[in-house]
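> Have a look at this prediction, sequence included:
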2 protein chains.
Amino acid sequence: MDAEAIKRSLEGSGLRCTPQRYAVMAFLMENNSHPTAAEIFEAVNQVDPRSSRATTYNNLRDLVKAGLVREVAVEGRAARFDAKGMRHHHFICDRCGNVEDIEWYDVPRPASGSLDKRILRECEVIFRGLCAKCAPRHASR
Amino acid sequence: MDAEAIKRSLEGSGLRCTPQRYAVMAFLMENNSHPTAAEIFEAVNQVDPRSSRATTYNNLRDLVKAGLVREVAVEGRAARFDAKGMRHHHFICDRCGNVEDIEWYDVPRPASGSLDKRILRECEVIFRGLCAKCAPRHASR
DNA sequence: ATATAACATTAGATATAGTCTAAATTACTT
DNA sequence: AAGTAATTTAGACTATATCTAATGTTATAT
Ligand SMILES: [Mn+2]
Ligand SMILES: [Mn+2]
Ligand SMILES: [Zn+2]
Ligand SMILES: [Zn+2]
């Protein structure tokens, strides 16, 4: 995706296209590795302009609030982030905590009775188990 | 559930039934409110014997490892815990972060191609939106 | 029963993740 | 160009969780 498209998507969400914010968004769009805030901070500071830690966190929060970025909470580890491109589910490794994309498919909604007075926004599936890297080690333990 | 049953389930997992560990397990079994570690710590210290903060965390970790307790990570908030009784899914409120149980139903597995070399242990669904308490406030905003 | 080893608890220090503050700067509007 | 609201920043601060190492407890072996 080109720079103009990123700029437009930021502005379409009412966010100014600052160099720091652009860098976060661009990094997430070219990396489907679900980096942590610390990793993103480090990555965007490899190149000018520099971005402070607070700004990295601020921008991640703004981007999540704007719906451009998704935050994935992982038990006992730092949150991870990805740009919301195509819809997809996530696989989280029991052992290393890595988050990986799984092709999207529709999830049957719960019976409306069990939702009660709640307002449902989305159903996401979290797959758990061992990632391709950890699966072999497990077998030989 | 009675005390003996808790004792047996702990010992069945190779864990000694200490007063502190028992207190954590018993509290989780009679509370389906998905408390945080801090809330559990406070609750088990309302009654003797007292349990330290480190012990509460240690025991929660042991119980999760033993498969008796589930840890639920919530974006931007402290982890929450529940005793693994009947299988169920979770609803997480966008606004207040509360975790609520949703009746279990089977989730279709992903195409085996998209799982690749991963070993799948479970598929859980996370429902998101507004809980019954937060839904009205949202409408009138 | 006693010794021994394994398991568990504890207070407090430490680590990690993330937020807040308030001053300076920047991006957009007119 | 000037005005203004959004953004950035360093570093202090908070929240959450883990670690350390000394002490206490329970289980097993003799
Ligand atoms: Mn993803
Ligand atoms: Mn639950
Ligand atoms: Zn892994
Ligand atoms: Zn709520």
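Done, it's in. Residues are numbered from 1 along each chain as shown, chains lettered A, B, ... in the order given. Ligands and ions are numbered 1, 2, ... in the order given.
> So residue A:122 belongs to a strand, correct?
Yes: Residue A:122 sits within a strand when classified using DSSP: H, G, I helix; E, B strand; the rest coil.
> Do I have it right that it meets residue B:125?
No: with contact defined as CB atoms under 8 Å, residue A:122 does not count as touching residue B:125 (10.2 Å). For every residue, glycine as well, the C-beta is placed using N, CA and C.
> which of these two has more neighbours?
Per other CB atoms under 10 Å in any protein chain shown, whichever of residue A:122 and residue B:125 has more neighbours is residue B:125, with 21 against 11.
> And chain A, is the helix or strand harbouring the more buried one touching that?
Element membership of residue B:125, judged by DSSP states H and E, is strand B:119-130. Yes: under the criterion of CB under 8 Å from any CB of the partner chain, chain A is reached by strand B:119-130 at B:119-130.
> Please produce JSON lines containing those residues, extended by distance to residue A:77.
JSON lines is the format used below for the residues of strand B:119-130 next to chain A (distance: CB to CB, whole Å):
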{"residue": "B:119", "distance to residue A:77": "20"}
{"residue": "B:120", "distance to residue A:77": "20"}
{"residue": "B:121", "distance to residue A:77": "18"}
{"residue": "B:122", "distance to residue A:77": "18"}
{"residue": "B:123", "distance to residue A:77": "21"}
{"residue": "B:124", "distance to residue A:77": "17"}
{"residue": "B:125", "distance to residue A:77": "21"}
{"residue": "B:126", "distance to residue A:77": "17"}
{"residue": "B:127", "distance to residue A:77": "23"}
{"residue": "B:128", "distance to residue A:77": "20"}
{"residue": "B:129", "distance to residue A:77": "25"}
{"residue": "B:130", "distance to residue A:77": "27"}
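> buried subset of these?
Those of those that meet the buried threshold are B:119, B:123-130, by 16 or more other CB atoms under 10 Å in any protein chain shown.
> which residues in chain A form strands?
Using DSSP state E, the strands of chain A run over A:69-72, A:80-83, A:88-93, A:99-103, A:119-130.
> I figured residue A:131 was touching residue A:99, is that so?
No: between residue A:131 and residue A:99 there is no contact under CB under 8 Å: 9.3 Å.
> List the residues that are in contact with both of those two.
Common neighbours of residue A:131 and residue A:99 (criterion: CB atoms under 8 Å, 6 or more residues apart in numbering or on different chains): A:91, A:93.
> hang on, the earlier thing: so which of the buried ones among the residues of strand B:119-130 next to chain A is the closest to residue A:15?
residue B:128 (22.4 Å; CB to CB).
> Pretty sure residue B:94 is one of the things the closest one touches, is it not?
Yes: look at residue B:128 against residue B:94 with CB under 8 Å: they come within range, at 5.9 Å.
> Name the residues contacting each of those two.
Each of residue A:121 lies in contact with both residue B:128 and residue B:94 under the rule CB under 8 Å, 6+ apart.
> And for stretch A:42-57, what's in contact with it?
A:19-20, A:23-24, A:27, A:31, A:35, A:37, A:40-41, A:59.
> Now, these that are in helices?
A:19-20, A:23-24, A:27, A:37, A:40-41, A:59 (DSSP state H).
> which among those residues end up buried?
A:20, A:23-24, A:27, A:37, A:40-41, A:59.
> residue ranges with poor pLDDT in chain A?
A:1, A:49, A:138-141 (pLDDT under 70).
> Show me how the record splits it into domains.
A:3-81, A:86-129 (automatic domain parsing).
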